[in-house]
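Asker: what shape does this take:
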Amino acid sequence: MIWYEDEVRQLETKIKSNLSTSDRVVFYGSSSIRLWSTLAQDFPDITALNLGFGGSTLAACAWFFERLVVPANPRCIVFYAGDNDLGDNRHPEEVYLFFCALAEKVRRQLPDTQFYYLSIKLSPARWDIADKIRATNKLIADKINELPNFKTIDMTTALLGTDGKPRREFFQADGLHLTPAGYQVWKQVLQQLQIFNNLFTY
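Answerer: Alright, predicted model coming up:
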């Protein structure tokens, strides 16, 4: 995990400079979270804190949970990771176990916090492992059905075309990361579900 250390330390500094806020929503996870640079504009009625770190796996997110998420003391966590684990040839069952480890930490250390798991997206760059991505999403969604305060949000389907494949305009040239149009789709999914309305008074 040492290769994440510099970025994690930067995030720790960011958290310390924002400790006065007690009603924040933490967006936590891999580069798909880190690169969501318009969170403040997309969700102006919440206090969003972006704690994504580049290239992170779900395993890394579980590893750094105590250093990054617990000190932020969020009322709500929006989480995306698992993409890179599968890209590193991890099996769906392994990614599922990493998620279980993270979920247990959330339950023990932040038992009253709402946790939203954003399903792993199907992307042009990783279309060859689409079956593994679907299998991982199902394993994790089934687990989440057993957990109070946890919910799965399908962020995968909205990025697909009528042929069931990822729509190219929603992805950058690398075929993996989202374009501004892709993030607008994700924003609309979260807005339509009104997941923050139960937490905050507008």
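Asker: who's in contact with the longest helix that the chain contains?
Answerer: The residue-count maximum for a helix in the chain (DSSP state H) belongs to helix 92-109. Helix 92-109 has contacts (C-beta atoms under 8 Å, 6 or more residues apart in numbering) with 57-59, 61-62, 65-66, 69-70, 77, 79, 82, 85-86, 113, 115, 117, 132, 135-136, 139-140, 143-144, 147, 150. Glycine gets a C-beta too; all of them are placed from N, C-alpha and C.
Asker: buried set for it?
Answerer: Of the residues in helix 92-109, 92, 94, 95, 96, 97, 98, 99, 102, 103, 105, 106 count as buried by neighbour count, 16 or more other C-beta atoms under 10 Å.
Asker: what's the answer for stretch 44-63, then?
Answerer: Residues of stretch 44-63 classed as buried: 46-53, 56-63 (neighbour count, 16+ other C-beta under 10 Å).
Asker: try stretch 11-19
Answerer: Neighbour-count burial for stretch 11-19 [16+ other C-beta under 10 Å]: 11, 12, 15.
Asker: now, which of the residues you listed sits nearest residue 33?
Answerer: Comparing the buried residues of stretch 11-19 against residue 33 with C-beta to C-beta places residue 11 closest, at 11.3 Å.
Asker: helix/strand/coil for that closest one?
Answerer: Using DSSP: H, G, I helix; E, B strand; the rest coil, the three-state assignment for residue 11 comes out as helix.
Asker: quick check: pLDDT value at it.
Answerer: pLDDT recorded at residue 11 is 95.
Asker: quickly note the distance from it to residue 154.
Answerer: 27 Å (C-beta to C-beta, to the nearest Å).
Asker: about what we covered before: will you turn the buried residues of helix 92-109 into TSV that also has distance to residue 197 and pLDDT?
Answerer: Formatted as TSV, the buried residues of helix 92-109 follow (distance: C-beta to C-beta, whole Å; pLDDT from 0 to 100):
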residue	distance to residue 197	pLDDT
92	33	98
94	35	97
95	30	98
96	30	98
97	33	98
98	30	97
99	26	98
102	25	98
103	24	98
105	27	98
106	21	98
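Asker: where does this structure have low pLDDT?
Answerer: Along the chain, segments meeting pLDDT under 70 span 19-22, 198-202.
Asker: now do the strands in it.
Answerer: Listed in chain order, the strands of the chain (DSSP state E) span 24-29, 47-52, 76-80, 114-118, 150-153.
Asker: next, the angle from the fourth one to helix 92-109.
Answerer: Same thing as strand 114-118. 160 degrees (axes from the mean of the first three to the mean of the last three C-alpha atoms, to 10 degrees).
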